[in-house]
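Novice: Let's see this in three dimensions:
(2 chains)
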Amino acid sequence: QKEVEQDPGPLSVPEGAIVSLNCTYSNSAFQYFMWYRQYSRKGPELLMYTYSSGNKEDGRFTAQVDKSSKYISLFIRDSQPSDSATYLCALAGDKIIFGKGTRLHILP
Amino acid sequence: GAVVSQHPSRVICKSGTSVKIECRSLDFQATTMFWYRQFPKQSLMLMATSNEGSKATYEQGVEKDKFLINHASLTLSTLTVTSAHPEDSSFYICSATTSSGVSSYNSPLHFGNGTRLTVT
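Specialist: I've put the predicted structure just below:
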């Protein structure tokens, strides 16, 4: 079983829709959870960082962690064309593991 | 704040030559820097971890003699791809953190914009 699973997409949604991106993981040792956004030919940019179960909100972005189910999500409200990018989840403990990334397309 | 500058952004070189990639933290001291390789539609693959003033720690399967890493100061780490071959063509990305040891994995990472290496 892979340590982290992330659907690569692509995921296409109309502008203004709510986007849900998810990762599942198998190692309960992961205690820190991050979401990065990566535009084409650029380095990843940190969007959200959390270490506890529950929700963390920052503007249009909400990170959700369910440690019991080993499941993390990123929600994007009022999605914009500029949100089109690849979103990578990252899980950290004594090491850091990145998901493969989900390619998101917001259709104007 | 927390800007990481990576240079060059793109390089094309001939097979057998060496290429140096620089990673600089512009407004913070990077105790730990990481070097990744990313293939199309794939995740970031950690190649090595470098700490200022000490030898880099390489991940399993990464040739340390081929991918030379030097972390000479708290703001600069370099990756040199020696005797590059077409199979080394990839997107190389560095990241930096002010933390060290195990904490470096738990802290938010600040990434450079990557270097697209093409070996002909």
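
Novice: I'd like the distance between the residue in chain B positioned nearest to chain A and residue B:3.
Specialist: Using C-beta to the nearest C-beta, the single residue of chain B nearest to chain A is residue B:111, 3.5 Å away. For glycine as for every other residue, the C-beta is placed from the backbone atoms N, C-alpha and C. As for residue B:111, its distance to residue B:3 is 10 Å (criterion: C-beta to C-beta, to the nearest Å).

Novice: if we can go back for a sec, what pLDDT does the nearest residue to the residue of chain B closest to chain A once chain neighbours are set aside get?
Specialist: If the residues on either side of it in the chain are set aside, residue B:111 comes closest to residue A:43, at 3.5 Å by C-beta to C-beta, 6 or more residues apart in numbering or on different chains. The predicted local distance difference test score for residue A:43 is 90.

Novice: Repeat that for residue B:103.
Specialist: Per the predicted model, pLDDT is 68 at residue B:103.

Novice: List the buried residues of stretch B:11-18.
Specialist: Burial within stretch B:11-18, assessed by neighbour count using 16 or more other C-beta atoms under 10 Å in any protein chain shown, is assigned to B:11, B:13.

Novice: Specify the local secondary structure of residue B:87.
Specialist: Assigned state for residue B:87: helix (three-state reduction, DSSP: H, G, I helix; E, B strand; the rest coil).

Novice: how many other residues sit next to it?
Specialist: As a burial measure, the neighbour count of residue B:87 was computed by other C-beta atoms under 10 Å in any protein chain shown and equals 8.
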